[in-house]
Every structure is written in structure tokens, then in C-alpha cells.
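> Okay, predicted coordinates and the sequence, questions at the end:
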Amino acid sequence: MEASLRLLTNYVRLLREFPDYVAYNSSAEETRSVARLQTHTVLSGRDSHRRRVYVVRPGRWEPAQVSYAQCYRLGFMLNEMVALEPRTQVAGLTTIVDGAGFGLRHFRHLTVNDIRCGTRFLQVRERP
């Protein structure tokens, strides 16, 4: 119970501290353009423990086309959608980060606030 409360508290803090990164204010076309990059993918199947599989590929991000915040919003939206699934609420989520192709050309486009927001998201979950 204590872990659940801490998870919820961190989630609310993320919403409060980084509203521009989590607000659903993107147009459908903007969302489609970010989705075309395939930086965030939810696989149709589940892993051997029946968990939903979420794949993040930051190396596919094209900073000249979309901002980090736009990519983050898509990932956040997908995570919230997956969290609504009853099976996922029970079994959980496996996240795979494929860092292939991510390099200095990406990193130099990140602001301090981008990095803070990204690390805050990682702190939302309770580690076993």
C-alpha cells in the first residue's frame, strides 16, 4: 500500500512539474507525425509473463522534425493508455529501451528541463 501511494504521489508531482510534457494539447496530425518516427511502440503481443511490452527507440528521434517534448508526450500518452488495460494492471509492463542510433546529435538538442522530466518519469515507478 505504501508503494502504491508513493507511485501515485510521484505521478501527480510529474503532472504538476512538467505540464507542457504531459498535456494532451497536440493535434492529431502532430501526434501522427511523431508516431511515424516509431520512437515509441507498444507490441501487440505480450511477454511470457503476460505483460504488455513497450519499446522506446530514442535513436529514431529526429530533432529537426519534432521536439523532445512532443516525443515525450506521445510516450506518456501511450503509457497512460496501456495502464487502462485490466490485464496490464494485473500483469504489469515490460519496457525495452533500444539505444541504437542515439548519440550526440540527439543529446545536444536536450534542455536541462527535458532531462529533468525524463528522469522524473523514471522515478514514477517503484523498483522491486
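Cool, the structure landed. Numbering: from 1, shown residues only.

> low pLDDT regions in this structure?
Along the chain, the parts satisfying pLDDT under 70 run over 1, 122-128.

> and if we set it to 50?
126 (pLDDT under 50).

> Dump the C-alpha coordinates for the longest strand along the chain into CSV.
Of all segments of type strand in the chain, defined using DSSP state E, the longest is strand 40-46. Extracted in CSV, the C-alpha atoms of strand 40-46 (Å, rounded to 0.1, in the frame of the first residue of the first chain):
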residue,chain,number,x,y,z
HIS,A,40,7.6,4.6,-29.0
THR,A,41,6.0,1.3,-29.8
VAL,A,42,3.6,-1.0,-27.9
LEU,A,43,3.8,-4.5,-29.2
SER,A,44,0.5,-6.3,-30.0
GLY,A,45,1.6,-9.4,-28.1
ARG,A,46,2.6,-9.9,-24.5
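
> Sheet-wise, list the partners of that strand with their directions.
strand 52-56 (antiparallel) (DSSP bridges).

> neighbouring contacts of the longest strand of the chain?
52-57, 71, 74-75, 78, 81-82, 87, 91 (CB atoms under 8 Å, 6 or more residues apart in numbering). (C-beta placed from N, C-alpha, C; glycine too.)

> So which bits of that strand are buried?
His40, Thr41 (16 or more other CB atoms under 10 Å).

> any idea which residue sits dead centre in the protein?
Centroid-nearest residue in the chain, with CA atoms, centre = their mean: Gly75, separated by 3.3 Å.

> nearest residue to that one other than its sequence neighbours?
Distance criterion CB to CB, 6 or more residues apart in numbering; nearest residue to Gly75, sequence neighbours excluded, is His40 at 4.5 Å.

> Since that was my last question, I'll sign off now.
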